[in-house]
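S.K.: Predicted coordinates and the sequence they were generated for:
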Amino acid sequence: MNNAKATAISGCVIWFLLISVIASCVMPIFFVAGSLSSFSMTAINITGGWICPEGSTPQQNTYSTTTFDEFGNPEPATAYELQCVDGNGTVIKTDPVGYSFLWIGIFAVLGLIVSAVLTFILAVPGGMLVTKVLNKMNTPKW
């Protein structure tokens, strides 16, 4: 096998492996980080800038509610929602779910960027390693 063909094959193999391995490790971390931080005021302020109408201020509203455990028993819980408040203090929009999906989506995009950067960084050394292994496999043993 000539060197150009081995390099092309190793490039495809290494990109597939790196993207699969790195993204499968990085993405869950970013999803968990986004989920855990979606209750913060930072999440409310950043996503509220996109969700709330102009001239309104995003605020966090919490209230007591009930959820059910795996056996169907009710348990007390706290719910969070984004409220858009105008200058008079009137709530003009309430978003109980969309802001957190948007926040977790921001973290998912950050995870994809980190995965891509790590893949670019590791692609050259990994490609060289795969090319070396492929060339060794195709050289005569005697």
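M.R.: Thanks, I have it.
S.K.: Select the longest helix from the protein.
M.R.: Of all the segments assigned as helix in the chain under DSSP state H, the longest by residue count is helix 98-138.
S.K.: From the centroid of the chain, which residue is nearest?
M.R.: Nearest to the mean C-alpha position of the chain, counting by C-alpha atoms, centre = their mean, stands residue 108 at 1.9 Å.
S.K.: on that earlier part again, who are the packing partners of the longest helix of the chain?
M.R.: If you count contacts as 3 or more C-beta pairs under 8 Å, 6 or more residues apart in numbering; DSSP states H and E, helix 98-138 packs onto helix 3-37, helix 41-51, strand 74-85. C-beta here means a position set from N, CA and C on the backbone, and glycine is covered the same way.
S.K.: and these, which one is worst for confidence?
M.R.: Note on those: helix 3-37 shows the lowest mean pLDDT, a mean of 84.
S.K.: Counting by contacts, list what that helix packs against.
M.R.: Helix 3-37 makes packing contacts with helix 98-138 when contacts are defined by 3+ C-beta pairs under 8 Å, 6+ apart.
S.K.: The helix it packs on to strand 74-85, inter-axis angle?
M.R.: 100 degrees (axes from the mean of the first three to the mean of the last three C-alpha atoms, to 10 degrees).
S.K.: Helix 98-138 vs helix 41-51, what angle?
M.R.: With the same axes, to 10 degrees defining the directions, helix 98-138 sits at 100 degrees from helix 41-51.
S.K.: Could you check how far helix 98-138 is from the centre of its chain?
M.R.: Centre-to-centre, helix 98-138 and its host chain are 13 Å apart (C-alpha atoms, centre = their mean, to the nearest Å).
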